[in-house]
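Novice: what's the 3D shape of this:
(2 chains)
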Amino acid sequence: RKEVEQDPGPFNVPEGATVAFNCTYSNSASQSFFWYRQDCRKEPKLLMSVYSSGNEDGRFTAQLNRASQYISLLIRDSKLSDSATYLCVVNKVGSNYQLIWGAGTKLIIKP
Amino acid sequence: EPEVTQTPSHQVTQMGQEVILRCVPISNHLYFYWYRQILGQKVEFLVSFYNNEISEKSEIFDDQFSVERPDGSNFTLKIRSTKLEDSAMYFCASRGAGTSGDNEQFFGPGTRLTVL
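Specialist: Just a heads-up that it's a prediction; the model follows:
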């Protein structure tokens, strides 16, 4: 099983719709979880950290399900500018510094 | 807003040549990282650097690679003898002084390395 696994997509979604995607992680001892956004040929940028209680930032909601070892990202009222690849990132257990990156889910918002 | 900068934006080199990729982290940051992303693939951790020494490195970071902080601002990645498979985007990142792994890492725009 891959350490961090994501559906590569693409998810083709009409503008204004709600879209959600999940990411599974293999190590139950993982403690830190993040969603990054990466535009084509650009650097990753932190979208949000994922906390145990779930968290929301505007149109974006992140959830953590430890029992099933997945995190999710929900985007409401999607905008054309949300088109990007969303990267699921998890800390490497036993490491202070290493992050393990998923391959990303590509999202395309259509007008 | 402070940002991480990287030079050059694109480096083309011949196989076997040495390359140095340069990064200027955010000025008050203490933790520095290099990542690699082969085109179409996931981001991969290479190395982390703190207090003028390597903190951790991945299996990718073999003897061909080295990092240095030659002065108070630059952070460099050297590849001694480049191979075709070193062709990738190399991202530098830095983060602040907190010890928590949750502190955000800020990424530079990357250097695209092409080995011919």
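Novice: ok, residue B:35 - contacts?
Specialist: Residues in contact with residue B:35 (CB atoms under 8 Å, 6 or more residues apart in numbering or on different chains) are B:43-46, B:90-93, B:107. In short, each C-beta sits where N, CA and C put it, glycine included.
Novice: so what's it closest to, chain neighbours aside?
Specialist: If the residues on either side of it in the chain are set aside, residue B:35 comes closest to residue B:91, at 4.5 Å by CB to CB, 6 or more residues apart in numbering or on different chains.
Novice: what sits against the one you found?
Specialist: Taking CB under 8 Å, 6+ apart, one finds A:43-44, B:6, B:34-37, B:43, B:107-108, B:110 in contact with residue B:91.
Novice: In three-state terms, label the most centrally placed residue in chain B for me.
Specialist: Residue closest to the mean C-alpha point of chain B, counted by CA atoms, centre = their mean, is residue B:34 at 2.9 Å. Following DSSP: H, G, I helix; E, B strand; the rest coil, the label given to residue B:34 is strand.
Novice: partners of it in the sheet?
Specialist: residue B:47, residue B:92 (DSSP bridges).
Novice: Can you tell me how far it is from residue B:62?
Specialist: Taking CB to CB, to the nearest Å as the measure, residue B:34 falls 13 Å from residue B:62.
Novice: Repeat that for residue A:76.
Specialist: 45 Å.
Novice: So for the two, which sits in the more crowded spot?
Specialist: Comparing residue A:76 with residue B:62 by other CB atoms under 10 Å in any protein chain shown, the one with more neighbours is residue A:76, at 14 against 9.
Novice: The more buried one: what's it in contact with?
Specialist: Residue A:76 makes contact with A:18, A:59-61, according to CB under 8 Å, 6+ apart.
Novice: ok, for residue A:29, nearest residue in space, not its chain neighbours?
Specialist: Setting aside the residues directly before and after it, residue A:29 is nearest to residue A:93 in space (CB to CB, 6+ apart), at 4.6 Å.
Novice: now swap in residue A:18 and tell me
Specialist: That would be residue A:76: by CB to CB, 6+ apart, it lies 5.0 Å from residue A:18.
Novice: Also residue B:26?
Specialist: Going by CB to CB, 6+ apart, residue B:26 has residue B:2 as its nearest residue, at 4.6 Å.
Novice: what's the answer for residue A:97, then?
Specialist: With CB to CB, 6+ apart, the residue lying closest to residue A:97 is residue B:48, at 3.9 Å.
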